[in-house]
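J.: Fold the following for me, if possible:
(one chain, ligands or ions: 1)
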Amino acid sequence: MSTEQQDVIDHFTARSGTYDGSSSWCTDQGLHRLVVSAARPAPGDEVLDVACGTGLVSRLFKGRVRRVVGVDITEDMADQARPHLDELVIAPAEALPFPSGSFDVVVSRQGIQFMSLPEAVREMFRVLRPGGRLVLVNLCAYGPEDAPEYFEVLRLRNPVRRHFFHPDDLGSLLRDAGCADLHTQRYVSEEDIDVWSDNGAIAEDRREAIREVYRNASPAFRRLHEVRTENGRYVDRMLFVVASGLRPAQ
Ligand SMILES: C[S@@+](CC[C@H](N)C(=O)[O-])C[C@H]1O[C@@H](n2cnc3c(N)ncnc32)[C@H](O)[C@@H]1O
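T.: The predicted structure is shown next:
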């Protein structure tokens with residue numbers, strides 16, 4: 001276990017009790033529909049949910065496909081996914097303990113930002129059957145104008161994040177791993193910053209530092225994120241990118 005991975009485990013262990021309510025995107029039905037449509041699951045499919053956490057994505061596939069397997073490194077998160085999985089494996093995404101070509105669909109939402117890249121995405125591609133689909137979902141900056149402030153907010157909210165993405169980055173990771181038939185879709189999720197920053201794993205001074213970024217946000221950031229205040233609280237329209245690609249048939 002690397003130091004980075006142990007830091008991730010400590011962070012998500014602290015958050016595990018309240019994770020599902022810690023962001024509105026966690027249970028956003030529109031985002032869920034987009035993830036499923038990008039994955040195009042068939043009833044006979046075997047699906048792997050990488051960084052499954054509490055199983056919020058796994059449960060979208062359970063009952064819809066032949067088998068759902070979850071993998072994660074944080075036991076206290078993944079234990080909650082058990083009812084939504086046919087099998088749970090505690091292992092790092094960088095070394096998936098499955099033979100090559102095991103799954104028809106591999107999906108990872110809000111996971112790659114914590115992983116060694118590009119190794120983890122290459123592993124996801126390796127365990128995919130020819131003709132199978134790999135789906136990556138992550139928060140991204142809108143572009144160069146908002147990235148410095150947005151990445152600072154993301155870093156403050158979750159200090160164990162290792163990567164911060166622009167919209168094209170997810171597609172590039174898929175292409176570089178070997179995927180073809182690439183598709184990228186966007187989805188905007190609204191977050192009340194006071195709720196979102198109260199994740200159970202950061203101290204009040206970090207939450208205040210996040211509010212401070214919003215208080216002093218540049219006009220470009222305000223415009224792109226359509227930042228507004230409601231009852232003195234900031235609301236941000238955060239961008240998700242849902243990128244999918246196919247492992248070419250041999
Ligand atoms: C933000 S949560 C996302 C959970 C779930 N995918 C979802 O969308 O709700 C991130 C999860 O990634 C897991 N994780 C982070 N780094 C990992 C790695 N290298 N290998 C496997 N899981 C990892 C964490 O333990 C945590 O459960």
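J.: residues near R215, how many?
T.: 10 (other CB atoms under 10 Å). All C-beta spots, glycine's among them, are computed from the backbone N, C-alpha and C.
J.: can you give me phi and psi for it?
T.: Dihedral angles of R215 (phi, psi; degrees, to the nearest 10) stand at phi -60, psi -40.
J.: Report the separation between it and S189.
T.: Distance, R215 to S189, using CB to CB, to the nearest Å: 22 Å.
J.: again with P219
T.: Distance, P219 to S189, using CB to CB: 22 Å.
J.: do D10 as well
T.: Going from D10 to S189 by CB to CB gives 26 Å.
J.: Counting neighbours, go ahead and name the busier of P219 and S189.
T.: Remark: of P219 and S189, S189 carries more neighbours, 18 against 8, as counted by other CB under 10 Å.
J.: can you tell me the helix or strand for the more buried one?
T.: Using DSSP states H and E, S189 sits in strand 180-192.
J.: Return the alpha-carbon coordinates of that strand using CSV.
T.: Provided in CSV are the C-alpha atoms of strand 180-192 (Å, rounded to 0.1, in the frame of the first residue of the first chain):
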residue,chain,number,x,y,z
ALA,A,180,-11.9,3.3,-29.8
ASP,A,181,-15.4,4.7,-30.5
LEU,A,182,-14.9,7.5,-27.9
HIS,A,183,-17.8,9.6,-26.7
THR,A,184,-17.8,12.5,-24.3
GLN,A,185,-20.9,14.0,-22.7
ARG,A,186,-21.3,16.8,-20.2
TYR,A,187,-23.6,17.0,-17.2
VAL,A,188,-24.0,19.9,-14.7
SER,A,189,-24.8,19.2,-11.1
GLU,A,190,-25.7,22.0,-8.6
GLU,A,191,-24.0,22.0,-5.2
ASP,A,192,-24.8,24.1,-2.2
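J.: Packing partners of that strand?
T.: The contact analysis (3 or more CB pairs under 8 Å, 6 or more residues apart in numbering; DSSP states H and E) places strand 180-192 against helix 29-39, helix 169-177, strand 233-246.
J.: quick one: contacts of whichever helix or strand comes after it?
T.: Next in sequence after strand 180-192, counting helices and strands by DSSP H and E, comes helix 193-196. Taking contacts as CB atoms under 8 Å, 6 or more residues apart in numbering, the residues outside helix 193-196 that touch it are S22, S23, S24, R157, R207, I210, R211, Y214, R233, Y234, V235, D236.
J.: Leaving out chain neighbours, which residue sits closest to the second one?
T.: Spatial nearest neighbour of S23, excluding adjacent residues (CB to CB, 6 or more residues apart in numbering): W196 at 5.5 Å.
J.: ditto for the first one
T.: Nearest-residue entry for S22: N199, 4.7 Å, with adjacent residues in sequence omitted and distances by CB to CB, 6+ apart.
J.: what residues are up against the one you found?
T.: N199 touches R15, T18, S22, S23, R157, N158, counting by CB under 8 Å, 6+ apart.
J.: what's around the second one, how many residues?
T.: Pointing back at T18 there. So T18, with other CB under 10 Å, has 12 neighbours.
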